[in-house]
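Novice: when you get a sec, could you give me coordinates for this:
(one chain, ligands or ions: 1)
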Amino acid sequence: MGAKKDIDWSNLGFDYHVTDKRYVSMYQNGAWDEGKLISDDKIVMSEDAGVLQYSQSVFEGLKAYTTQDGKIVCFRPDLNAERMYDSAQYLEMPPFPKDRFVDAVVETVRANDAWVPPYGTGATLYIRPFMFGYSPVIGVSPAEDYMFRIFVTPVGPYFKGGAKPIVVRVSDYDRAAPRGTGHIKAGLNYAMSLHAIVDAHNKGFSENIYLDPATRTKLEETGGANILLVDADNTLVIPKSTSILPSITRRSLHYVAENYLGMKVVEREVLLSEVMGGEFKECGLCGTAAVISPIGRINDHGKEFTFSNGMEKIGPVMGKLLDTLTGIQMGRIEAPEGWIKVIEE
Ligand SMILES: *Cc1c(COP(=O)(O)O)cnc(C)c1O
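Specialist: You can find the predicted model right below:
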């Protein structure tokens, strides 16, 4: 393992830093090349590349970190490989082979091991695999050639001094149509969310809760995180819809709730009226970045509902879920078979 970079790990934000190496593989003449690590962070391509004209791009996000016993690991990269495979197919892109995806993640993290934050700092190495249409297109069609890349960047702890509840609003904008692209991880879903999130921030809200566009009565998710709820019987309730992105954190928390905490878990449609009517004690957002971000209050066009934990601290059930999953990730609690991929011993 190389000497660590001289960084104030605990005070890193969520920003992009140019690290030493990135992985690149090209799809040309109908096949992926063998791929390699390179130093150049810049990409030169046609002004008419498919990604620039018709947004043909998909991505993933996961983290590598140092466990309590000093290993560098990442969490369930096979599920990122699988999701990116599905995302690519949906945008008529040649999927990157799943086993090669995992190998490329390992190779890229190893080549940048000096950038992996030490245990206990709360910081992690964020890994961003992505692929995009590289060759020129002018008529609307998939590109011929593609680039797959992975870069890494160190990021600071999501919460400094404990998970702090946020205030969210019910959005007037829709995120993903019922038979649209909500279930794939594509930049296009984020492009549409930028106006909504800037507007939400301007009005003092941390996130937008999107409703199902067909009826605007059911919860979907936020721009980049799935929603979890806890009802009066301590059942974990997870909103269900075909246009919600299948979060790996959410799927892992479902398993943790059932198998580590002995909770009942239900995935079903959740009405906004149930939430505003006080059917749920706790609510949180989940995703790779924060694992769980507790919601303190939800605002639906001026009508507010405050969850039982209030604005000061995470609720007991969300807290237990957060501690258990981060404990599994950091090696303090035994992980289910296959969840932790060791990158360096
Ligand atoms: C990435 C993402 C999530 C979170 O997924 P994880 O795999 O848990 O990081 C949730 N919603 C959307 C829209 C996303 O793009």
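
Novice: helices of the stretch 201-345 of the chain, start to end?
Specialist: Secondary structure of the stretch 201-345 of the chain (DSSP state H, counting those that start in this stretch): helices located at 248-259, 272-276, 316-330.

Novice: and those as TSV, adding mean pLDDT and distance to the ligand?
Specialist: In short, each C-beta sits where N, CA and C put it, glycine included. Converted to TSV, the helices of the stretch 201-345 of the chain look like this (pLDDT from 0 to 100; distance: least, C-beta to the nearest ligand atom, whole Å):
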stretch	mean pLDDT	distance to the ligand
helix 248-259	98	3
helix 272-276	98	18
helix 316-330	96	11
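
Novice: make CSV out of those helices and add mean neighbour count.
Specialist: Listed next are these as CSV, based on neighbours: other C-beta atoms under 10 Å:
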stretch, mean neighbour count
helix 248-259, 20
helix 272-276, 17
helix 316-330, 20
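
Novice: wasn't residue 197 part of a helix?
Specialist: Yes: with DSSP: H, G, I helix; E, B strand; the rest coil as the criterion, residue 197 is assigned to a helix.

Novice: can you tell me the closest non-neighbouring residue to residue 308?
Specialist: Among residues not flanking residue 308 along the chain, residue 281 sits closest, at 4.5 Å (C-beta to C-beta, 6 or more residues apart in numbering).

Novice: ok, residue 13 next?
Specialist: Distances taken as C-beta to C-beta, 6+ apart put residue 156 closest to residue 13, at 5.3 Å, once the chain neighbours are dropped.

Novice: which residues of the stretch 51-200 of the chain lie near the ligand?
Specialist: With C-beta under 6 Å from any ligand atom as the criterion, the stretch 51-200 of the chain meets the ligand at residues 61, 185.

Novice: the helices in the stretch 51-200 of the chain, which residues?
Specialist: Under the criterion DSSP H, counting those that start in this stretch, the stretch 51-200 of the chain contains helices at 77-90, 98-111, 187-202.

Novice: buried sites along the first one?
Specialist: The one in question is helix 77-90. For helix 77-90, burial by neighbour count (16 or more other C-beta atoms under 10 Å) applies to 77-85, 87-88.

Novice: ok, the last one next?
Specialist: Within helix 187-202, the residues that count as buried by 16+ other C-beta under 10 Å are 188-189, 193, 196-197, 200.

Novice: CSV for these, including pLDDT?
Specialist: Shown next, in CSV, are the buried residues of helix 187-202 (pLDDT from 0 to 100):
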residue, pLDDT
188, 96
189, 96
193, 95
196, 96
197, 95
200, 96
